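**Q** give me a 3D structure for the following:
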Amino acid sequence: MSKFILVGMSGSGKTTIGKSVAEKTNLKFIDLDAVIEEKYGKISDIFNEAGEGRFREYESREFMTALEMEDIVISTGGGILGIKPNREAAKKGTVIFIDRDIDKIKASIDESNRPMVRNKPGMLEKLYKERYGIYRESMDFTVFNNGSVSECIDSVIDVINKIKYGV
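**A** Presented below is the predicted three-dimensional model:
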């Protein structure tokens, strides 16, 4: 089974790390947010026009499609595991939690471009507290992204090699 699912908060580095890891391990890469935007339009527009529920439908649908593939690294949205069927489906792969401190997340994202937290003071911290336990319960491995991105990439590659080759 070569499905590696990167989970964690927005701003934890899932996309950046996932792209590099996939390239270095000869795996395919899918960024669910990019797929959603390509198929359905900008995420902020989806939230504004159809609401979070519709976005979660699209996200879940594309997650299930991605899980049908092999030899893949999937970068998920921060809320993907908030839906129980997605948590169950994630068991088809190896879930790697990209754990990053909230202060580093806040420093790396523009909250005005994130529909879940835009114009909602304290919402990022609230989501972090709500989601952290779900990530911990659902993950097979945790990799910390509080140092350099290259260190985190190397750690994720180590996890993949351990799963694929027993190294």
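**Q** contacts for the helix or strand bottoming out on mean pLDDT in the chain?
**A** Across the helices and strands of the chain, mean pLDDT, DSSP states H and E gives its lowest value to helix 102-108, namely a mean of 87. Contacts with helix 102-108, where a contact means Cβ atoms under 8 Å, 6 or more residues apart in numbering, come from 9, 10, 11, 12, 13, 124, 125, 128, 145, 146. The way it works is simple: take the backbone N, C-alpha and C, and place the C-beta from them, glycine included.
**Q** by neighbours, which of those residues wins?
**A** Ranked by neighbour count (other Cβ atoms under 10 Å), these have residue 12 at the top, with 29 neighbours.
**Q** ok, it touching residue 101?
**A** No - Residue 12 is beyond contact range of residue 101, at 9.6 Å (criterion: Cβ atoms under 8 Å).
**Q** from residue 150, how far out is the residue nearest to the spatial centre of the chain?
**A** Centroid-nearest residue in the chain: residue 76, 3.0 Å away (criterion: Cα atoms, centre = their mean). Separation of residue 76 from residue 150 (Cβ to Cβ, to the nearest Å): 22 Å.
**Q** residues contacting residue 7?
**A** Counted by Cβ under 8 Å, 6+ apart, residue 7 has contacts 14, 76, 80, 81, 90, 95, 96, 97, 98, 135, 138, 139.
**Q** these in strands, which ones?
**A** Among the contacts of residue 7, DSSP state E puts 95, 96, 97, 98 in strands.
**Q** hey, what's the last one bridged with?
**A** Beta-bridge pairing of residue 98 under DSSP bridges involves residue 143.
**Q** hey, where'd the strands end up in this structure?
**A** Using DSSP E, strands in the chain cover 3-7, 28-31, 72-75, 94-99, 141-144.
**Q** can you check which of those strands gets nearest to residue 163?
**A** strand 94-99 (5.4 Å; Cβ to Cβ).
**Q** residues contacting the closest one, please?
**A** Residues from elsewhere that reach strand 94-99, judged by Cβ under 8 Å, 6+ apart: 1, 3-8, 12-14, 17, 135-136, 138-146, 152, 156, 159-160, 163.
**Q** list buried residues within the residues you listed.
**A** 3-8, 12-14, 17, 135, 138-139, 141-143, 145, 152, 156, 159-160, 163 (16 or more other Cβ atoms under 10 Å).
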